[in-house]
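Student: Show me the folded form of this:
(chains A and B, ligands or ions: 1)
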Amino acid sequence: MDTEHPDLTESLCAQVREAAAGRYALRIIGGDTKRGLGRAVVGEPLSLAGHRGVVSFEPSELVVTARAGTPLAELEARLNQAGQMLPYEPLLTGPACTLGGAVASGLSGPRRPWAGALRDFVLGVRVIDAKGQALRFGGEVMKNVAGYDLSRLMTGSHGCLGVITEVSLKVLPKPRAQLSLRFELGWEEAARRLAKWRAQPLPLAGACHDGKALRLRLEGGEAAVAATHARLGGERFDDQWWQRLRRFELELFDDPRPLWRLSLPPGTARLPIEGEALLDWGGAQHWLKSDAPATRIHAEARRCGGHACCFDGAQVELPFTPLDAVMLRYHQRLKAQLDPLGIFNPGRLYPEL
Amino acid sequence: MLYDEHLDGALPRTDLAELVDALSAIRPPLELLSSREELTPYECDGLSAYRSPPLLVALPDDLEQIGEILNICRRLGVPVVTRGAGTGLSGGAMPLPQGLLLVLSRFKGILELDAERCLARVEPGVRNLAISQAAAPHGLYYAPDPSSQIACSIGGNMAENAGGVHCLKYGLTVHNLLAAQVLTIEGERLSLGGEALDAPGFDLLALFTGSEGMLGVITEITVKLLPKPPSAKVLLASFDELEDAGRAVAEIISAGVIPAGLEMMDRLAIEAAEAFVHAGYPLDVSAILICELDGVEADVTEQCARVRTVLERTGSREIRLARDEAERQRFWAGRKNAFPAVGRLAPDYYCMDGTIPRRRLAAVLERIASLADEHQLRVANVFHAGDGNLHPLILFDANQAEQLERAERLGARILELCVEVGGSITGEHGVGREKINQMCVQFRAPELEHFRAVKAAFDPEGLLNPGKQVPTLARCAEYGAMHVHASNLAFAELERF
Ligand SMILES: Cc1cc2nc3c(=O)[nH]c(=O)nc-3n(C[C@H](O)[C@H](O)[C@H](O)COP(=O)(O)OP(=O)(O)OC[C@H]3O[C@@H](n4cnc5c(N)ncnc54)[C@H](O)[C@@H]3O)c2cc1C
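Tutor: Okay, here's the model as predicted:
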């Protein structure tokens, strides 16, 4: 139990009750590093930054529970000491980036296609509902199907359905060996190889194409990594490159144009949109720097069976790919049920929510 | 545990003739069952102690028919219970005497199997094992493997978020789905998830997984296929003390090994399984652990060595490595047939499904044993130890009403024990009808209201599977009144009636 930091749940609940009574909206803030991810919210700030600290961590249970305001860097350092990690590999937007913000944004790093997404590792959450009541769903156990899966529903809901105050995540031992390999080849050949490898039991944990070369990361037991290296060949490079990718520190991210994330079926080639791109997740996640109109980017992503979101959301009216009419209606109904007064991050995701 | 309007809310009265009339107009024509003997096989799911005949059974074989059935039922206010293969163990598919049972067992088509994209798009009635069989020629398989996999449907798996013996490493159903098509009670089609690794908006694919037929009818599922690991080895370790076996489980994980499966069986379960399938288990021990390691040959060998060291350190009396594929299959056969095997020891058994933190295994097993003594019933334990998912099997004779009652009471106590140590009343079988009262123990009123709010967003009139999964506050008040737990009265704010 964290004794260093106070438990602020009660005061956070009170702030939500006040907002409900006064009928004003709340803008939920973690580290505010992703302020640009989504539409601008007009509302009283509700900061989770002080509600922080690791509540419990039991390495043999493979579970960590921490308050929403805990900086991800602190959490990762704590796991690292025990030889464990967050398998989905969080994106790090800055040192202030919090666990709650990461869970509310629902994004995962380069290891995601092989290890699973953030939502796959969420075991439980504590949330504050629209009446200002503290609720708990899920828990610290690996399996739990009592009631609807509200932990996963809250993950990636961008703070539109409630305030996350605490999260329990499944963690895993760090891989015993890691190796990064570079192959100088065009996307088409890279895609061909990736498709072939996909149906094979290879210890892959990263596949990113930058326009000139395919970068692979291997992770697993020493023997498996060594054997795969021998089989695939390639030129070794510094494993730290993947850290720079998930910290948005590669050269591409310096480009002044808006940053887009495109989520697409694996193996999708560079879309015909002007700008600079990096194809991560074996083509399933493209990072795009472009000032093409948002409607065009959404249309292209949708045409390929995916969707897009803009990390400089304040600059575009629709940072997230719109839902079809039926889906939007059910989203509105869910929002109306869980946040009838519309106090949580109104309009963050879509103008109608 | 029949539907009780006093506690579960009013059910509409259904005019059978009017309903049959309306359904008979559907084209192509639909098979309907309504005679006593036709209905009997549908009275219960895998939890046979709870039964109730439906008013009517509908057996559609065309998607369009499902939409029309839902429209008609909504217009006439008829409750709908969806049924897959009916192997559920929590009474989730138990019918309602005033409701229609929508049976999806005829939707058996594998619509697409793409080995390059590693996915299969299937109809909801396809059997779990049929997917892996169809994928096998490509060296692929569908990972979640409930012990009922030869019979249960993928639709039922998604509705329950089913697990299996390999979930520790490969995840539950929710981790292995890419997309699904769902029909709401309003007859609207929702397309959830997709081939991209995430979808815009809220994660409704996760919300519908484990929703027990309460939010919509799942009409199509796209699952992820995985390459078969090139090597799999199984260790069988026996223990004289349950406590040591429990400690071994926690220490294997602490050693940084994630086995593909890590299962435990206690003495009674071992004896039953051995008598049933002759798996070659040792007989004079308190517990066995079955530990499967898979992956690339060299890694598996190395992990086997590490697990062996842990097993020796924690006091395993004997450790056996399956010498070949046949012996590996035999070790698993004992485990996978453990339920029916235990079933031979008594006229009936009642399978619990609580989960607990792994480190509490030994202590909880001991408590279960003393609770069993108190209730004068025998309990066999066979379970997913690596996930902390217990399956105490309570042996009883349902023909003696008093025994069934005692078994239910013991079951309730075991689940409350799981909640008490920080676990859950269900790890994979779902709440259904069976654990509806225990939901009042695991959740407080505002949490249950939150669940009801989610339900209302998709099914405002409460026509889908009423009386299941989420109890009314009236039910909890009643249950709380007769049952004060952990010294604080649940729902003290509600009036008792
Ligand atoms: C011997 C035995 C061993 C078992 N072992 C395991 C195990 O290891 N792991 C495990 O998780 N479970 C296990 N089970 C339980 C059961 O097999 C699973 O819960 C399975 O997922 C149920 O599938 P089904 O098709 O039989 O569903 P049913 O029993 O028909 O229905 C289960 C629930 O799902 C709903 N439902 C079914 N199909 C749909 C659909 N298409 N759309 C919406 N709702 C739907 C029903 O309304 C009901 O609430 C076991 C059962 C038995 C009898």
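
Student: Next to chain A, which bits of the stretch 1-150 of chain B? Give me the list.
Tutor: Contacts of the stretch 1-150 of chain B with chain A, taken as C-beta under 8 Å from any C-beta of the partner chain, map to B:115-118, B:138-140. In short, each C-beta sits where N, CA and C put it, glycine included.

Student: wait, which of those is closest to B:Met94?
Tutor: Distance to B:Met94, by C-beta to C-beta, is smallest for B:Leu140 among those, at 35.2 Å.

Student: Domain map for the chain?
Tutor: This is for chain A. A:9-173, A:177-246, A:251-315 (automatic domain parsing).

Student: Sorry, I should have been clearer: chain B.
Tutor: B:5-103, B:110-227, B:231-341, B:346-494.

Student: So the shortest one, near the ligand or not?
Tutor: Yes - contact between domain B:5-103 and the ligand is present through B:45-46, B:81-89, B:92-93 (criterion: C-beta under 6 Å from any ligand atom).

Student: Neighbour-wise, which one of those leads?
Tutor: In terms of neighbours by other C-beta atoms under 10 Å in any protein chain shown, the residues of domain B:5-103 next to the ligand top out with B:Ala93 at 31 neighbours.

Student: Would it be right to say that that one lies in a helix?
Tutor: No - counting by DSSP: H, G, I helix; E, B strand; the rest coil, B:Ala93 is not found in a helix; it is coil.

Student: any idea how far the residue nearest to A:Ile29 when sequence neighbours are not counted lies from the ligand?
Tutor: Using C-beta to C-beta, 6 or more residues apart in numbering or on different chains and skipping the chain neighbours, the partner closest in space to A:Ile29 is A:Ser47 (4.8 Å). Distance, A:Ser47 to the ligand, using C-beta to the nearest ligand atom, to the nearest Å: 41 Å.

Student: picking that back up, export the domains of chain B as JSON lines, with columns for distance to A:Lys212.
Tutor: What follows is those, written out as JSON lines (distance: least, C-beta to C-beta, whole Å):
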{"stretch": "domain B:5-103", "distance to A:Lys212": "47"}
{"stretch": "domain B:110-227", "distance to A:Lys212": "24"}
{"stretch": "domain B:231-341", "distance to A:Lys212": "30"}
{"stretch": "domain B:346-494", "distance to A:Lys212": "44"}
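
Student: among these, where is the model least confident on average?
Tutor: The stretch with the lowest average pLDDT out of the domains of chain B is domain B:346-494, scoring a mean of 89.

Student: Next, see if that domain gets close to chain A.
Tutor: Yes - interface with chain A: domain B:346-494 contributes B:355-359, B:384, B:387-389, B:422-431, B:435, B:439, B:442-444, B:446-448, B:450-451, B:453-458, B:469-470 (C-beta under 8 Å from any C-beta).

Student: In ChimeraX, how would I select just the buried ones from those?
Tutor: Of those, the buried ones go into a single ChimeraX selection, burial set by 16 or more other C-beta atoms under 10 Å in any protein chain shown:
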select /B:355,356,357,358,359,384,387,388,389,422,423,424,425,426,427,428,429,430,431,435,439,442,443,444,447,448,450,451,453,454,455,457,458,469,470
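
Student: Keep only the residues of domain B:346-494 next to chain A that also lie close to the ligand.
Tutor: Contacts with the ligand within the residues of domain B:346-494 next to chain A, counted by C-beta under 6 Å from any ligand atom: B:428-429.

Student: Which ones among the residues of domain B:346-494 next to chain A lie within helices?
Tutor: The subset of the residues of domain B:346-494 next to chain A located in helices under the criterion DSSP state H comprises B:439, B:442, B:446-448, B:450-451, B:453-458.

Student: The ligand contacts on the stretch 351-497 of chain B?
Tutor: Going by C-beta under 6 Å from any ligand atom, the residues of the stretch 351-497 of chain B near the ligand are B:428-429, B:432, B:465.
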